[in-house]
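Participant: Sequence first, then the predicted structure:
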Amino acid sequence: MEGELAVNSPAIVVERLRKDYGRLRAVDGISFQVMRGEIYALLGPNGAGKTTTVEILEGHRKRSSGSVRVLGFDPGTGGRRFRERIGIVLQSGGIDAELTVREIVSLYASFYARPRDVTQTIDQAGLSGKRRARVRTLSGGQRRRLDLALALVGDPDLLFLDEPTTGFDPNARRDAWEMIAGLRRAGTTVLLTSHYLDEVQRLADRVGVLSHGHLVEEATPGTLGGRDVTGTVISFRLPAALASTALPPGPWDEPEFREGVIVMRTDQPTRVLAALTQWAVGHGAELEELSVVRPSLEDAYLQITSPDGTGGHHVR
Amino acid sequence: MSVKASRHSRPALLLAAGQVRYQLLLLLRSPLAFFLTLVVPLLLLVSLNVVIPPSAALMPRGLRYAQFLTPAVCVFCLLNACYVTTITSVVLAREEQILKRLRGTPLPAWTYLAGRSGTAFLTATASATIIITIGVAFFHVHIIWRGSGYFAAAAGLGMACFFLLGVAVTAAIAKTDTALPVAYGTVLPLAFISDVFFSAARAPHWLRDLASAFPVAPVARAMEAAFIPGTRSWPMPTSGLLVVLGWTIAAAAAIALTFRWEPGPGPGHAR
């Protein structure tokens, strides 16, 4: 029955979702699930199909084919009962500039059967000092906080966050992250899109990467693109004492020499470090500027979404 | 084991009443809407009464110009509040993504439009009341109490028709900047040929026939007739009533088919 969910069932189930705009296929048969209480981030370059996918899940757009269930509802036909249970943060706009913060949050609270306390929601969004301020007087960051307050005031089970911290200063972003993490602790499911990969790294339990309408990778932020096991970069300055000594054999690709610094890439950093340190100690030398760097989420993301990346491996 | 959706939505009528309050608040804080709905009709009433000499007004049946102009400006109040302001405010709300945000909440679509219509009707009624009061107080206009029921009924038909037409037209307007020109570009020519500023009694037949094909003329003529002493029957002919009802139904159908909640050229573009 619509709206009924088994406790352990996913909050979002997408199967072979497709969306065409005329002859353009914006979303091409993607499938994924978001578990209850999970923060799932959708990443991808502009035009990858993120917004279309999210808007289909929100009920704003109709799909061309495939199956979508959100909190047990078909978002296209779920109606008021479905919208009682979701909150949406839009990318921008959508707020009457001539109302005060308190008026607009109270208005939105009045739409819901079980709203949160208005004052508490405003305070939680960091706008306590702006309750009586007209929306047009708020800064960009303050408007985004108000966006968040409007999405939360209905006490949603599922929150759609479309680039929620764009325009925030660093402190405001930290506050917003804390707030979102608090929602997860309270059991709210969150579908997040963001261009800030540090935000995704910090908040998301899992990440799906869209490219040209395909879901090309799905993983945790720590393992995206295999970055937990592949492509570790080890570098050090070659000591003068070892300048005429050949490197020991080891599991690395062809090392690069950059102005006296040796850079090597490996999938087995522990074995490489052991071989290098044994070699240096054996010759009584110190490996100066020794560093071990794992690829960042951004490196992995760029690798996946680059034209010559692994974008051909579609997760179905 | 399952978790049931245990939330029962709020009564829709309560939400519609909340929408009226919210739209009124916005209107009162919008200088443009205030100017269009209250100030412009008042300026018209005063300036036309002062500027036009009685001999130049060409009134039929020996009617004084003020007695004709006062209900005529009331028609202009209805057009401004129900048609022009509806177009500008709905297009602005759509292009600013306010409608899109509302569509993501449990607020039923019809309650939003009900709120808009309630606000339009209230402001139209308020501005028409002010016009009549000024007419009576300063231009010796007589209220024909026997015709007041006809006046109210014709105004009610006009408000419903003009409001629905205003909402329907928004689908054809892509940008906020073009909303006001489109609204006045369509309503002013019609008003000029439909007895709103001047009596068209001596206009060419073809022009009167053209005006009669649109809803402004039947409503205006009926409201003006209700201010003529001696009016004893419903002053809108059946043909006029059918024109108004036809446009009202067509507008409602157009809204059902084409009304957009999202900004831009419509839902068929990729994001």
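Facilitator: Good, I have the coordinates. Here the structure is a predicted model, which means the values were calculated and not measured. Residues are numbered from 1 along each chain as shown, chains lettered A, B, ... in the order given.
Participant: Give me the secondary structure label for A:D28.
Facilitator: Assigned by DSSP: H, G, I helix; E, B strand; the rest coil, the conformation of A:D28 is strand.
Participant: Show me what it is bridged to.
Facilitator: A:R18 (DSSP bridges).
Participant: pLDDT averaged over stretch B:16-26 - what is it?
Facilitator: Averaging pLDDT along stretch B:16-26 gives 91.
Participant: Now do A:H60 against A:E218, distance only.
Facilitator: With distances taken as Cβ to Cβ, to the nearest Å, A:H60 is found 24 Å from A:E218. For every residue, glycine as well, the C-beta is placed using N, CA and C.
Participant: Correction: the previous question concerned A:F236.
Facilitator: Taken as Cβ to Cβ, the span from A:F236 to A:E218 is 36 Å.
Participant: Three-state assignment for A:V207, please.
Facilitator: Of the three states, A:V207 takes strand according to three-state DSSP.
Participant: Can you tell me the closest non-neighbouring residue to it?
Facilitator: A:A41 (4.8 Å; Cβ to Cβ, 6 or more residues apart in numbering or on different chains).
Participant: What count of nearby residues applies to the one you found?
Facilitator: Residues near A:A41, counting by other Cβ atoms under 10 Å in any protein chain shown, number 24.
Participant: helices or strands up against the helix or strand hosting it?
Facilitator: Per DSSP states H and E: A:A41 is located in strand A:39-43. Contact analysis of strand A:39-43 by 3 or more Cβ pairs under 8 Å, 6 or more residues apart in numbering or on different chains; DSSP states H and E lists helix A:50-58, strand A:189-193, helix A:197-203, strand A:206-211 as its packing neighbours.
Participant: Mind telling me which of the ones you listed the model trusts least?
Facilitator: Across the helices and strands packed on strand A:39-43, the lowest-scoring stretch is helix A:197-203, with a mean of 87.
Participant: re the thing from before, could the helices and strands packed on strand A:39-43 go into JSON lines alongside distance to A:I12 and mean neighbour count?
Facilitator: Converted to JSON lines, the helices and strands packed on strand A:39-43 look like this (distance: least, Cβ to Cβ, whole Å; neighbours: other Cβ atoms under 10 Å in any protein chain shown):
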{"stretch": "helix A:50-58", "distance to A:I12": "6", "mean neighbour count": "23"}
{"stretch": "strand A:189-193", "distance to A:I12": "7", "mean neighbour count": "24"}
{"stretch": "helix A:197-203", "distance to A:I12": "17", "mean neighbour count": "19"}
{"stretch": "strand A:206-211", "distance to A:I12": "11", "mean neighbour count": "24"}
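Participant: wait, doesn't A:L238 sit right on A:E259?
Facilitator: No - using Cβ atoms under 8 Å, A:L238 makes no contact with A:E259, being 10.5 Å away.
Participant: OK, contacts around B:L36?
Facilitator: Contacts of B:L36 were listed using Cβ atoms under 8 Å, 6 or more residues apart in numbering or on different chains, and they are B:80, B:84-85, B:88.
Participant: quick one: it and chain A, what's the gap?
Facilitator: 16 Å (Cβ to the nearest Cβ, to the nearest Å).
Participant: For that residue, which three-state class applies?
Facilitator: helix.
Participant: what number of residues lie near the closest residue to B:Q19 other than its chain neighbours?
Facilitator: Spatial nearest neighbour of B:Q19, chain neighbours left out: B:G115 (2.3 Å); criterion: Cβ to Cβ, 6+ apart. Using other Cβ under 10 Å, B:G115 has 21 neighbouring residues.
Participant: Kindly report the same for B:W234.
Facilitator: 16.
Participant: quick check, it in a strand?
Facilitator: No - secondary structure of B:W234 (three-state DSSP): coil, not part of a strand.
Participant: contacting residues for it?
Facilitator: B:150, B:153, B:222.
Participant: could you check the distance from it over to B:E262?
Facilitator: According to Cβ to Cβ, B:W234 and B:E262 sit 43 Å apart.
Participant: which residues touch the residue of the stretch 101-250 of chain A found nearest chain B?
Facilitator: Residue nearest to chain B within the stretch 101-250 of chain A: A:A113 (4.1 Å; Cβ to the nearest Cβ). Contact partners of A:A113, counting by Cβ under 8 Å, 6+ apart, are A:84, B:7-10, B:106.
Participant: okay, residue 230: pLDDT?
Facilitator: With no chain named, the answer covers chain A. The model's pLDDT for A:T230 equals 66.
Participant: could you do chain B instead?
Facilitator: 80.
Participant: cool, and A:P170?
Facilitator: A:P170 is given a pLDDT of 83.
Participant: can I assume the residue nearest to B:Q19 is in contact with B:Q23?
Facilitator: Yes - the pair B:G115 / B:Q23 is scored as a contact, 5.1 Å apart, by Cβ under 8 Å.
Participant: and the gap between B:G18 and A:V281?
Facilitator: 76 Å.
Participant: So for those two, which residue has more residues nearby?
Facilitator: More crowded of B:G18 and A:V281, by other Cβ under 10 Å: B:G18, with 18 against 11.
Participant: Can you tell me which residues in the stretch 51-200 of chain B are near chain A?
Facilitator: Within the stretch 51-200 of chain B, the positions adjacent to chain A are B:93, B:96-98, B:100-101, B:103-108 by Cβ under 8 Å from any Cβ of the partner chain.
Participant: Distance to B:I134 and pLDDT for these - can I get that in TSV?
Facilitator: Below are these laid out as TSV (distance: Cβ to Cβ, whole Å; pLDDT from 0 to 100):
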residue	distance to B:I134	pLDDT
B:A93	32	94
B:E96	35	92
B:Q97	40	92
B:I98	35	94
B:K100	41	93
B:R101	40	93
B:R103	41	93
B:G104	44	93
B:T105	41	95
B:P106	43	94
B:L107	38	94
B:P108	39	92
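Participant: Between those residues, which sits nearest B:A213?
Facilitator: Proximity of those to B:A213 (Cβ to Cβ) peaks at B:A93, which lies at 31.1 Å.
Participant: Share the number of residues neighbouring the closest one, please.
Facilitator: 24.
Participant: would it count as being in a helix?
Facilitator: Yes - assessed by three-state DSSP, B:A93 belongs to a helix.
Participant: Please give me every residue in contact with B:T186.
Facilitator: For B:T186, the contacting residues are B:V169, by Cβ under 8 Å, 6+ apart.
Participant: Which of the helices or strands spans the residue nearest to B:Q19?
Facilitator: helix B:109-139.
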